[in-house]
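# All I have is the shape, not the residue letters:
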Ligand code: ADP
Ligand code: ZN
């Protein structure tokens with residue numbers, strides 16, 4: 001099915017009246033994409049761009065940015081040009097659009113010269129509605145000349161933070177895009193990104209000459225991601241347990257710091273029956289590609305990776321992101337966990353952390369090439385991360401506050417909300433801990449200090465004569481784990497600091513003296529041993545654990561998922577390009593029995609109805 005735009009006059013109609021072009025946007029949302037309503041600011045953005053305005057769209061991952069340019073490109077006369085930095089990303093988007101019946105294509109270095117030429121002919125012939133282009137191609141003089149002879153509906157600049165050096169993903173080719181405004185002053189431009197920190201945002205406006213653009217800011221919150229932090233004890237078994245109970249068949253990403261650990265964890269998970277693949281810079285390009293492909297094209301694959309993995313991974317049904325090592329900042333944490341749940345369905349961000357990790361990160365920063373100012377900034381970022389891990393209030397609130405965003409109340413979808421933390425007056429315990437630090441000369445780590453407090457006569461204690469200190473054994477009333485938790489909170493609260501220039505021992509922080517002198521009290525969160533969350537009903541749940549499907553609904557979901565996987569293999573596209581998990585879930589619950597009912601399921605547009613309607617109804621009829 002080809003989508004053609006209705007004739008439209010070039011002067012914008014008055015904004016107040018019901019407007020045919022705006023109505024057309026509503027119709028396309030239903031017909032092409034199969035959705036009944038716009039989300040958040042989508043409608044305002046789409047109407048603004050349809051009317052010819054420039055826009056800067058800051059919207060979190062999974063918020064629905066793509067429709068903000070795809071629909072205006074279809075409504076406005078002419079060809080929509082989308083700039084996108086990554087080949088894999090372009091291909092997925094184009095495959096998905098074609099499934100929905102949109103005449104879309106991409107132009108990048110993966111095409112051979114003959115293919116490129118044919119595509120450019122199609123552009124000239126008006127046979128396309130949307131073309132995704134790599135930035136370096138777009139700014140080539142011959143290409144700009146060609147565009148100059150065509151009617152252009154809009155320019156969309158996706159992943160617009162790539163233009164900024166402050167962003168995490170600078171792409172020098174993006175700088176050339178400023179030429180669009182000069183060459184095509186009348187064509188609306190819309191820049192989109194999920195990164196919205198101040199300096200990056202300013203850079204986008206400056207570099208792309210978007211001074212006149214209307215800015216649409218959505219909050220940072222990703223409500224469907226549940227945040228969880230556990231105390232690291234036996235990390236890989238903790239991980240395995242988490243996967244077994246909560247994501248038995250789901251796809252997800254596990255992040256580790258080192259290549260060696262990536263290999264080790266991937267092996268470990270494989271031995272325990274998971275399809276787990278390693279991904280890091282030490283593997284050759286072909287292996288990395290193969291592992292990434294399987295992650296995208298199979299169901300339920302776990303990728304164990306260093307942070308090198310994830311950029312440009314648009315797989316919408318990543319159901320969990322697990323950190324076995326702490327990320328270096330809350331920005332990195334937000335970005336990495338943000339790869340979960342793009343489809344809006346429930347997903348988990350799980351992290352196992354210990355103070356030792358934070359200390360070794362700090363030492364790495366200290367030993368790095370950075371100048372002193374940068375080191376201070378990096379160390380502060382690690383402190384903020386530690387504060388997040390140790391918080392006794394809602395994690396989402398801590399995270400959003402960090403980005404100057406806020407949430408009116410606790411979220412109900414993080415571990416702290418699920419198990420509210422009780423606090424206790426820990427002033428005396430804090431004084432004991434601080435005294436242990438002070439009397440041993442402010443240079444020992446947590447292990448040794450806990451040995452001292454609990455009166456353990458290790459070789460080191462005896463060698464140093466620490467068993468003769470007054471603090472030796474004064475903390476026997478509290479368990480080792482509880483002492484470790486106390487030390488973490490003392491560091492997080494600024495009572496203790498890490499000696500990053502020495503061997504990572506603990507020394508007094510700015511707030512220590514007041515506590516020692518009894519001028520300040522300290523509250524600690526109650527130490528609880530980690531509990532494994534219980535699933536509401538035992539039984540054998542498959543794959544859908546995170547999606548809260550049960551019984552025959554889960555069985556139908558599996559049948560649909562199986563059918564989709566076969567189909568995706570025949571067509572050589574990832575399964576989510578055919579139908580999203582959210583659509584399969586809706587089908588499993590709603591169980592449409594005819595074409596009309598099927599058409600009302602979110603994500604089923606006209607093209608998918610034509611192509612897959614009968615097959616789906618048969619499966620639902622059987623299930
Ligand atoms: P982003 O690019 O902002 O990360 P996408 O454009 O990929 O987000 O959209 C995320 C998910 O939300 C996709 O599965 C998409 O189909 C879905 N979606 C977008 N807009 C709507 C809507 N109005 N109603 C329902 N689902 C939507
Ligand atoms: Zn919460």
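Done, it's in. Fair warning: this is a prediction, and the values are worked out from it, not measured in the lab. Ligands and ions are numbered 1, 2, ... in the order given.

# residues near residue 452, how many?
30 (other Cβ atoms under 10 Å). No exception for glycine: its C-beta is placed from N, CA and C like everyone else's.

# same check, this time on residue 572
9.

# Backbone dihedrals for it, please?
Main-chain dihedrals, residue 572, degrees, to the nearest 10: phi 70, psi 30.

# For residue 256, see how far away it is.
For residue 572, the distance to residue 256 (Cβ to Cβ, to the nearest Å) stands at 31 Å.

# do the same with residue 186
Distance from residue 186 to residue 256, by Cβ to Cβ: 50 Å.

# Have a look at the two and say which one is more surrounded.
residue 256 (25 against 7).

# That one reaches residue 308, doesn't it?
No. With contact defined as Cβ atoms under 8 Å, residue 256 does not reach residue 308; the gap is 11.2 Å.

# How far away from the center of its chain is stretch 592-604?
When C-alpha coordinates are averaged (Cα atoms, centre = their mean, to the nearest Å), stretch 592-604 and its chain have centres 30 Å apart.

# Could I get the buried residue list for that stretch?
Buried residues in stretch 592-604, defined by neighbour count with 16 or more other Cβ atoms under 10 Å: 592, 598-599, 601-604.

# gap between residue 143 and residue 293?
30 Å.

# Output the below-cut-off pLDDT ranges for the stretch 501-623 of the chain.
Within the stretch 501-623 of the chain, the ranges that satisfy pLDDT under 70 run 528-546.

# picking that back up, and of the buried residues of stretch 592-604, the nearest to residue 115?
residue 603 (30.4 Å; Cβ to Cβ).

# before we move on, which element is the nearest residue to that closest one once chain neighbours are set aside in?
Closest residue to residue 603 in three dimensions, ignoring its sequence neighbours and counting by Cβ to Cβ, 6 or more residues apart in numbering: residue 583, at 3.5 Å. Using DSSP states H and E, residue 583 sits in helix 581-590.

# counting contacts, what elements does that helix pack onto?
Counting contacts by 3 or more Cβ pairs under 8 Å, 6 or more residues apart in numbering; DSSP states H and E, helix 581-590 is packed against helix 551-571.

# tell me the angle of the helix it packs on relative to helix 581-590?
Interaxial angle of helix 551-571 relative to helix 581-590 (axes from the mean of the first three to the mean of the last three Cα atoms, to 10 degrees): 140 degrees.

# Residues in contact with the next helix-or-strand element following helix 551-571: which ones?
Past helix 551-571, further along toward the C-terminus, the next helix or strand under DSSP H and E is helix 575-578. With Cβ atoms under 8 Å, 6 or more residues apart in numbering as the contact definition, helix 575-578 has outside contacts at 92, 95-96, 99, 297, 299, 315-317, 343, 561, 564-565, 567-568, 571, 612.

# For stretch 40-52, which residues meet the burial criterion?
For stretch 40-52, the neighbour count (16+ other Cβ under 10 Å) marks 41-43, 45-51 as buried.

# And the pLDDT for residue 127?
Listed pLDDT for residue 127 reads 95.

# picking up where we left off before, identify those among the buried residues of stretch 40-52 that sit within helices.
Residues of these located in helices (DSSP state H): 42-43, 45-50.

# Spatially, what comes nearest to the residue nearest the centre of the chain if we skip its sequence neighbours?
The residue lying closest to the centre of the chain (Cα atoms, centre = their mean) is residue 338, at 1.3 Å. Computed as Cβ to Cβ, 6+ apart, the closest residue to residue 338 that is not its neighbour in sequence is residue 61, at 4.6 Å.

# Distance of the one you found relative to residue 235?
Going from residue 61 to residue 235 by Cβ to Cβ gives 27 Å.

# before we move on, what about residue 248?
The gap separating residue 248 from residue 235 is 19 Å, by Cβ to Cβ.

# More neighbours: which of the two?
residue 235 (20 against 17).

# Residue 488 contacts residue 353, correct?
No. Here residue 488 lies out of contact with residue 353, judged by Cβ under 8 Å, at a distance of 9.0 Å.

# overlap in contacts of those two?
residue 389.

# Enumerate every residue touching the residue of the stretch 101-250 of the chain found nearest ligand 1.
Nearest to ligand 1 in the stretch 101-250 of the chain, going by Cβ to the nearest ligand atom, is residue 194, at a distance of 6.5 Å. Contact analysis of residue 194 by Cβ under 8 Å, 6+ apart lists 58-61, 63, 65, 161, 338.

# switch the cut-off to 6 Å
For residue 194, the contact set (Cβ atoms under 6 Å, 6 or more residues apart in numbering) comprises 60-61.

# and what of residue 105?
By Cβ under 6 Å, 6+ apart, residue 105 lies in contact with 119, 128, 131.

# possible to save those as TSV with neighbour count?
TSV is the format used below for those (neighbours: other Cβ atoms under 10 Å):
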residue	neighbour count
119	18
128	17
131	23
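
# From these, which land in helices?
residue 119.

# Any chance of the contacts of residue 105 in JSON lines with distance to residue 459 as columns?
Shown next, in JSON lines, are those (distance: Cβ to Cβ, whole Å):
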{"residue": "119", "distance to residue 459": "72"}
{"residue": "128", "distance to residue 459": "75"}
{"residue": "131", "distance to residue 459": "70"}
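
# per-residue confidence for residue 6?
43.

# Please list the residues of this structure that sit near ligand 2.
394, 396, 410-411, 414, 417 (Cβ under 5 Å from the ion).

# In ChimeraX, select just the buried ones from the residues you listed.
This is how ChimeraX selects the buried members of the residues of the chain next to ligand 2, with burial counted by 16+ other Cβ under 10 Å:
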select :394,396,411,414,417
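
# Show me the residues of the chain next to ligand 2 that map onto strands.
Nothing among the residues of the chain next to ligand 2 maps onto strands, per DSSP state E.

# Could you export the residues of the chain next to ligand 2 as TSV, including pLDDT?
Shown next, in TSV, are those (pLDDT from 0 to 100):
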residue	pLDDT
394	94
396	96
410	94
411	95
414	96
417	94
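
# Could you chop this structure up by domain?
As given by automatic domain parsing, the domain ranges for the chain are 18-217, 225-418, 423-525, 549-622.

# So, low pLDDT: which residues of the stretch 351-500 of the chain?
For the stretch 351-500 of the chain, no range has pLDDT under 70.

# Okay, buried residues for the helix or strand where residue 364 lies please.
Assigned by DSSP H and E, residue 364 belongs to helix 355-366. Neighbour-count burial for helix 355-366, with 16+ other Cβ under 10 Å as criterion, is recorded at 355, 357-363, 365-366.

# Just name the closest of those residues to residue 622, please.
residue 357 (50.1 Å).

# Show me where the stretch 201-350 of the chain has its strands.
Using DSSP state E, counting those that start in this stretch, the strands of the stretch 201-350 of the chain run over 214-217, 225-231, 252-255, 276-279, 302-305, 320-323, 347-353.
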